[in-house]
Structures are given as C-alpha cells and as structure tokens.
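Visitor: Sharing a model prediction with you, sequence too.
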Amino acid sequence: MATKTNLFRRLAAIAALLLCAAACKYPYDITLEDGEYPLVVDGDILIGAVTTIRFSYAQPLNQYPYSSSSFIYISQTTNPVGYIEGEDGTRIEGTDPTGQPYSSTLGMWSQLQFDTRGLRTDQRYRLVCSIDDGHKLESDWLEVCPAPVIDDLSYWKNDQFDELHIGLSMHCNGAHHFRWTYNEDWEYHSDLSASVVFGPGGIRVGGGDYYYCWSHTDAADIQIFSTENQIEDRFEELSFRRIDLSDRRLQMLYRMTLQLSALSPDAYNYWRTIRQNTQEQGSLFAPTPSEMASNVHCTNERDYLILGYLNAGAVATAQMYYDNDVEQFYIPPRGGYYKREDFEIDLKYESMLAAYNSGWLPWHAVYGMGVEPTGYIWVRDVCIDCTKSGGSKNKPADWPNDHK
C-alpha cells in the first residue's frame, strides 16, 4: 500500500500535468522523486509581435500551502539563455529586460523575450535554449499559422446585469483554431481629493500628487475558440470579457489591447485540455486523456520531464477605448469604495505625525472665526492616495489624456 506521502506525490503529479500538459512519453499518473519536478515552458512564437517564453518548475502544493493554485505552485528557474532560429539561418537572441524573476499569485518564473516582429511567415521556426542546471532544450520546427483578420473590437452595455460586454468580430483567413490574449490599462482616481498634504514640517496647501492613478493587468484566462464546425469563416461580436459597471476600470478611461493568433490543431487540443481541466471541470478526478504530447524536448537527457506546448503564428492586434466622459455607464459604489472614517486633529506636529504613521492622511482644513485653520480633517490614506488601491503614478507613455 502506498504511503500518504507517495500518494500525495502521485496526485500532485496528476494535477501538474492537468495544468501544464505532459510530454508524450510520460503518462499523467506518475511518481515524482524528492526535488524532481517538471520544467514548464510556456509561450508562443508570435510573428509580428514580441515573443515571451516563460520558464518555471511545477512543485507539489504541500510545500506552499498558501498558493492560490488548486494543486501546484510554480517556482522560478534562473538564467535561461536561448534563441529562436528560422530555417533560413535567422537567429533572434532572447533577452530578459529586468534580469529579475517575475511573480504572480501562482508563484515565480523566469522569462526570455525575443523581437520577432520582423520575421517572415513563409518558413518554420524553433526555440533553442538552456537553463542553468545544464539541460539543453529544443522545440520541434513550427509552421507559422496565418494571421486572422480582426474586423472590430467593440463594447456594449448590458442593462439587465449592469455589465459592459466586450466583443470580437473577425475573419478566420483560412485557419480554424484560435487563441487570444489581452491586457488592460485604466485610469482612475481616489474617492476624495485632498486640498492639503502632510510632509516634513507639517501641513501645506495643495493636494499632492495622488488623486489620479493608472493600473495595468494581463489576462490570465485561457481564451481559445474554433470554427471547425461552422459554415461561415467569421465571428460577429464574440463576447469574451464582461466588466461590472461599478468596476473602477470604467471610472474614467479604459483601454484593452488584444492579440489574436491562429493555432495548429495540436496546440489547440493542448489548450482545450488545459481549459477543460482548470476552468470547466475543476476537478482532479475529471476525465482526461491518458497522454498529451509536448513539442519541447531535452537534447542531453532523454527522460527529462518538460511540460508545455509552443505554437508559431502571425499576430493580429486590435485596441479599444472606453471613455466614461462620453458614455457615462460607470456606476459609483454608494459611499465610495472604502468606508469613510474621519476625525479632526489639532495643529500639533506630533499629533499629525502619529496619525500619518497609523495610515491616515489630511483631507482639508477646519476654520474657526479667524483666517487661520484650527485643525485638519484626516481620513484613511486609501481614500485619498490612489496608489493604495493597487495602481501607480506610472502613466503609460501613449495615454491619450493629460492627467498627471
């Protein structure tokens, strides 16, 4: 009878493969030895865009009990080095813009970026790289899938559910399987605009620089679809994103940038399996195929376990803006995003410093009978400082308005 530890390792291995898909010679039901975890290689070679390939290891969840993943935690690899080459001898070296590991709620990873914007679409490409533990990797040679044609990226209001729907209209251009990714940028402001600011020496007039902020996020969901069973070679207003009308994304100006590429049949089957097992069935014991091929291989250790499936495709890009000054769909939450707590503090610097160090900021002055203030109303910093809501003062360089 298997021990509890071995049983967990078997279940963790199954879960890791459900999430990332397994190499062709490895079944889902495997046992992982201590310290031996699959390498995950994730990304697509995007012709006409910048290609990003991520490298990480899948590890059992019992080592990281606070992971948001259902079954596995992703830890970083270090110092991947590699290039993308074409059959004509073209070679694009990979770079890491920051040289630092990246992180999310799933864990940490390393990545390489390749400037594949100028590559031709009439030849095959592959990834060649190595990681710092000495393993050398190669992908299969990949045919470039033709770029679809994006006709429109549009939005409309759903009054029944108080939602903004975003839809894609496109022509397939001879392909049948597709994947898209998108990122979002939005400008928003804090609940309150302060007329004074606290700093060294006390209070000064002026609201500081924390009313307007910008946020950015990359979509995490697996977005794929197929036209294989359709008569028409197109989609009209395929709704794929819904935003609640009280979401801060819609408070001022919101932008979506979408990238759409075609998938090979094998790549589509890979992503469909991932979506079924991570988003639709949501169960470790849901029916799964017994094996699924990876097209990335280790050239100096035949049995080295690699998860992931690369695709090569020409990319179609579209961008959409929602301006609430024009549409006015946004529904502010009653009372603001945060419960307003306020109190008055006298003019003593020590009193104000204690409030500041406890997470409060001055809002406005309080006057008595004279022209000088007798004190200041303070509120929680999250009500005044927009960066406390997760945004930053880093305005995108191409943002179309002049808020600073």
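Guide: In hand now; what should we look at?
Visitor: residue closest to the middle of the chain?
Guide: Residue closest to the average C-alpha location in the chain (C-alpha atoms, centre = their mean): Asp218, at 2.9 Å.
Visitor: In which helix or strand does the closest residue to it other than its chain neighbours reside?
Guide: Excluding the flanking residues, the one nearest Asp218 by C-beta to C-beta, 6 or more residues apart in numbering is Asn183, at 4.7 Å. Every residue, glycine included, has its C-beta placed from N, CA and C. If you go by DSSP states H and E, Asn183 is part of strand 177-189.
Visitor: Quick check: mean pLDDT of that strand?
Guide: For strand 177-189, the mean per-residue pLDDT is 93.
Visitor: what distance separates that strand from the middle of the whole chain?
Guide: 9 Å (C-alpha atoms, centre = their mean, to the nearest Å).
Visitor: before we move on, what about stretch 136-150?
Guide: 22 Å.
Visitor: May I see the buried residues of that stretch?
Guide: Residues of stretch 136-150 classed as buried by neighbour count (16 or more other C-beta atoms under 10 Å): Leu137, Glu138, Ser139, Asp140, Leu142, Val144, Cys145, Pro146, Ala147, Pro148, Ile150.
Visitor: helices or strands next to the strand holding Asn183 in the packing?
Guide: strand 212-218, strand 223-226, strand 253-262, helix 265-275 (3 or more C-beta pairs under 8 Å, 6 or more residues apart in numbering; DSSP states H and E).
Visitor: Try it again at 10 Å.
Guide: If you count contacts as 3 or more C-beta pairs under 10 Å, 6 or more residues apart in numbering; DSSP states H and E, strand 177-189 packs onto strand 163-171, strand 212-218, strand 223-226, strand 234-244, strand 253-262, helix 265-275, strand 312-323, helix 324-327.
Visitor: any idea how far Leu238 is from Thr121?
Guide: The spacing between Leu238 and Thr121, counted by C-beta to C-beta, to the nearest Å, is 24 Å.
Visitor: for Ala175, that is, sorry about that
Guide: Ala175 is 12 Å from Thr121, by C-beta to C-beta.
Visitor: what residues are shared contacts of the two?
Guide: Cys145, Pro146, Ala147, Gly313, Ala314 (C-beta atoms under 10 Å, 6 or more residues apart in numbering).
Visitor: pretty sure the first one contacts Ala316?
Guide: No. Here Cys145 lies out of contact with Ala316, judged by C-beta atoms under 10 Å, at a distance of 11.2 Å.
Visitor: Now do the shared contacts for those two.
Guide: Counting by C-beta under 10 Å, 6+ apart, the residues touching both Cys145 and Ala316 are Asn173, Phe178, Ser261, Ala262.
Visitor: Buried among these? Need that as a selection in PyMOL.
Guide: Of the shared contacts of Cys145 and Ala316, the buried ones go into a single PyMOL selection, burial set by 16+ other C-beta under 10 Å:
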select buried, resi 178+261+262
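Visitor: Out of the shared contacts of Cys145 and Ala316, which one has the weakest pLDDT?
Guide: Least confident of these in the model: Asn173, at 88.
Visitor: Can you verify that residue is assigned to a helix?
Guide: No. Assigned with DSSP: H, G, I helix; E, B strand; the rest coil, Asn173 falls outside any helix and is coil.
Visitor: who touches it in this structure?
Guide: So Asn173 contacts Cys145, Pro146, Ala147, Pro148, Val149, Asp233, Arg234, Ala262, Ala314, Ala316 (C-beta under 10 Å, 6+ apart).
Visitor: which of the shared contacts of Cys145 and Ala316 sit farthest apart?
Guide: Asn173 and Ser261 (11.1 Å; C-beta to C-beta).
Visitor: if I look at these two, which residues touch both of them?
Guide: In the contact map built from C-beta under 10 Å, 6+ apart, the residues linked to both Asn173 and Ser261 are Cys145, Pro146, Ala147, Pro148, Ala314, Ala316.
Visitor: In contact with the fourth one, which residues?
Guide: Yep, that's Pro148 we're talking about. Per C-beta under 10 Å, 6+ apart, neighbours of Pro148: 168, 170-175, 178, 180, 227, 233-235, 260-262, 313-316.
Visitor: Extract the C-alpha set from stretch 235-251 and format it as CSV.
Guide: This file holds the C-alpha atoms of stretch 235-251, laid out as CSV (Å, rounded to 0.1, in the frame of the first residue of the first chain):
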residue,chain,number,x,y,z
PHE,A,235,-17.4,35.7,-36.0
GLU,A,236,-19.5,38.7,-35.2
GLU,A,237,-19.3,40.3,-31.7
LEU,A,238,-18.0,37.2,-29.9
SER,A,239,-18.4,38.3,-26.3
PHE,A,240,-15.3,37.3,-24.3
ARG,A,241,-15.0,39.9,-21.5
ARG,A,242,-17.5,41.3,-19.0
ILE,A,243,-16.9,44.2,-16.7
ASP,A,244,-19.2,45.2,-13.9
LEU,A,245,-20.3,48.8,-14.3
SER,A,246,-19.2,49.6,-10.8
ASP,A,247,-15.6,48.3,-11.6
ARG,A,248,-13.0,51.1,-11.2
ARG,A,249,-11.8,50.2,-14.7
LEU,A,250,-14.7,52.2,-16.1
GLN,A,251,-14.4,55.2,-13.8
